[in-house]
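Student: Okay, predicted coordinates and the sequence, questions at the end:
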Amino acid sequence: MIGTGPTREIVDWERTTEDGTTVYVIEYDEPVPEPSLRSGTLFGASSGGTVPEADRRITLPDGEQLPADEVVFDADGAVLEVRHEGSSLLRRIRRTLFPWW
């Protein structure tokens with residue numbers, strides 16, 4: 001689950017839609033850093049081995065999983081805002097023509 005850990009738990013969360021974009025506002029019991037899921041490399045570390053960056057997913061409080069390269073984060077103290085930007089045409093073309101990249 002995004003943002004949780006051994007000492008950080010979710011207190012409350014809300015899923016809304018703003019201008020056609022899905023937004024999750026998640027409140028934790030302590031300050032949360034802005035996640036850094038994107039890297040400059042093709043492969044990123046993950047439990048069980050490496051996963052192509054385009055295949056990384058995040059799990060939200062309602063169980064929905066979103067591709068990590070389609071979300072934008074904004075952290076403010078103990079509140080994390082997760083905005084699902086969706087897949088751009090360029091991303092879809094890249095995934096189709098160059099699935100390893």
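Tutor: Nice, thanks for sending it over. Numbers count the residues shown, from 1 in each chain.

Student: Could you tell me which residues within stretch 55-68 count as buried?
Tutor: Neighbour-count burial for stretch 55-68 flags 56, 58, 60-61, 66-68 (criterion: 16 or more other C-beta atoms under 10 Å). Placement of C-beta: from N, CA and C, glycine included.

Student: Now go through these and say which are in strands.
Tutor: 58, 66-67 (DSSP state E).

Student: Redo the buried residues of stretch 55-68 as JSON lines? Include distance to residue 22.
Tutor: Formatted as JSON lines, the buried residues of stretch 55-68 follow (distance: C-beta to C-beta, whole Å):
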{"residue": "56", "distance to residue 22": "18"}
{"residue": "58", "distance to residue 22": "13"}
{"residue": "60", "distance to residue 22": "9"}
{"residue": "61", "distance to residue 22": "13"}
{"residue": "66", "distance to residue 22": "8"}
{"residue": "67", "distance to residue 22": "13"}
{"residue": "68", "distance to residue 22": "15"}
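
Student: can you name the two of those that are farthest apart?
Tutor: 56 and 61 (18.3 Å; C-beta to C-beta).

Student: Which of the helices and strands in the protein ranks last by mean pLDDT?
Tutor: Within the chain, no helix or strand scores below strand 43-46, which has a mean of 48 by mean pLDDT, DSSP states H and E.

Student: what about this structure, any weak spots by pLDDT?
Tutor: 36-54, 87-92, 94-96, 99-101 (pLDDT under 70).

Student: Just the closest of the ones in strands among the buried residues of stretch 55-68 to residue 10, please.
Tutor: Of these, the one sitting nearest to residue 10 (C-beta to C-beta) turns out to be residue 58, at 13.6 Å.

Student: Now do the SS call for the spatially closest residue to the closest one that is not a sequence neighbour.
Tutor: The shortest distance from residue 58 to any non-neighbouring residue, by C-beta to C-beta, 6 or more residues apart in numbering, is to residue 2 (4.9 Å). At residue 2 the chain is in coil, as set by DSSP: H, G, I helix; E, B strand; the rest coil.
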